[in-house]
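Q: only the shape, not the letters, is given here:
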């Protein structure tokens with residue numbers, strides 16, 4: 001088996017990651033919510049939203065990721081810098097080509113799944129909860145996975161068809177939000193790589209706290225606009 005196929009098998013072998021701690025809005029759900037619920041008068045500050053985002057991530061990790069053993073954690077030794085390098089390498093692979101499926105959104109899903117799997121190891125040092133860029137990556141990768149479940153829900157409403165490529169011709173087209181989330185993931189990884197591994201030299205997209213990006217608010221407004229049930 002080739003190295004690429006081994007990597008793909010490893011990713012697809014991980015249990016389905018249920019983005020259940022928070023739900024992502026669909027346009028119809030947003031409209032219904034506005035009609036049925038009174039407008040909230042509470043104004044959230046950036047600090048409030050940051051605290052909510054941190055709690056969402058912490059709750060998601062605790063409920064959806066199996067806690068690795070101490071031996072696994074000791075052996076992993078992954079750092080944020082290495083995570084960025086690994087993730088960029090992941091994004092350089094075309095996993096769908098390996099399984100004979102011409103579906104770029106499925107590629108987005110497999111990339112996001114691989115990245116979020118690695119992110120759980122960073123959580124052992126509280127790196128996710130203390131790093132806003134890693135929080136945003138975690139939420140964006142979870143969003144991409146969620147939308148893969150959504151676009152395959154006509155086959156299995158519980159997400160069981162997300163990786164059943166024999167039904168690929170029945171999958172819905174990816175939503176604009178799924179495509180945008182994937183775009184932000186790649187841009188954040190690029191900017192973190194410039195900051196951490198290239199001494200700040202290279203093209204950036206302004207989407208990270210690390211580099212005081214001017215589009216960070218845009219990314220987080222996108223996340224806040226596509227997430228409900230923040231408890």
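A: Structure's in. What do you need? The structure presented is a predicted model; accordingly, all values stated were derived computationally and were not measured.

Q: and what about residue 153, helix, strand or coil?
A: At residue 153 the chain is in coil, as set by DSSP: H, G, I helix; E, B strand; the rest coil.

Q: so which bits of the helix or strand where residue 120 lies are buried?
A: Residue 120 is part of helix 104-122, with elements assigned from DSSP states H and E. By neighbour count, with 16 or more other CB atoms under 10 Å as the criterion, the buried positions of helix 104-122 are 105-122. No exception for glycine: its C-beta is placed from N, CA and C like everyone else's.

Q: check which helices and strands it sits against.
A: Judged by 3 or more CB pairs under 8 Å, 6 or more residues apart in numbering; DSSP states H and E, helix 104-122 is in contact with helix 3-13, helix 80-91, helix 95-98, helix 132-151, helix 176-197.

Q: pick out the shakiest of those, pLDDT-wise.
A: For the helices and strands packed on helix 104-122, the bottom mean pLDDT is recorded on helix 3-13, which sits at a mean of 43.

Q: quick one: mean pLDDT for the helix or strand just after the helix holding residue 120?
A: Heading C-terminal from helix 104-122, the first helix or strand you meet, by DSSP H and E, is helix 127-130. Mean pLDDT, helix 127-130: 71.

Q: need the residues that contact stretch 199-213.
A: 132-133, 184, 187-188, 190-196, 214-216, 218-219 (CB atoms under 8 Å, 6 or more residues apart in numbering).

Q: quick one: residue 220 from residue 139, how far?
A: Here the distance between residue 220 and residue 139 works out to 9 Å (CB to CB, to the nearest Å).

Q: between the two, point out the one with more neighbours.
A: Shown here are residue 220 and residue 139; by other CB atoms under 10 Å, residue 139 has more neighbours (26 against 20).

Q: doesn't residue 223 make contact with that one?
A: Yes - with contacts defined as CB atoms under 8 Å, residue 139 counts as touching residue 223 at a distance of 5.4 Å.

Q: now do the SS call for residue 210.
A: Using three-state DSSP, the three-state assignment for residue 210 comes out as coil.

Q: now it: phi and psi?
A: In terms of degrees, to the nearest 10, the main-chain angles of residue 210 are phi -50, psi -40.

Q: what about it, neighbour count?
A: For residue 210, using other CB under 10 Å, the count is 20.

Q: contacts only, for residue 221.
A: Residue 221 touches nothing, counting by CB under 8 Å, 6+ apart.

Q: from residue 86, how far out is it?
A: Shown here: residue 221 relative to residue 86, a distance of 28 Å by CB to CB.

Q: report the angle between the helix holding residue 120 and helix 80-91.
A: Between helix 104-122 and helix 80-91, the angle formed by their directions is 160 degrees, by axes from the mean of the first three to the mean of the last three CA atoms, to 10 degrees.

Q: good, wrapping up.
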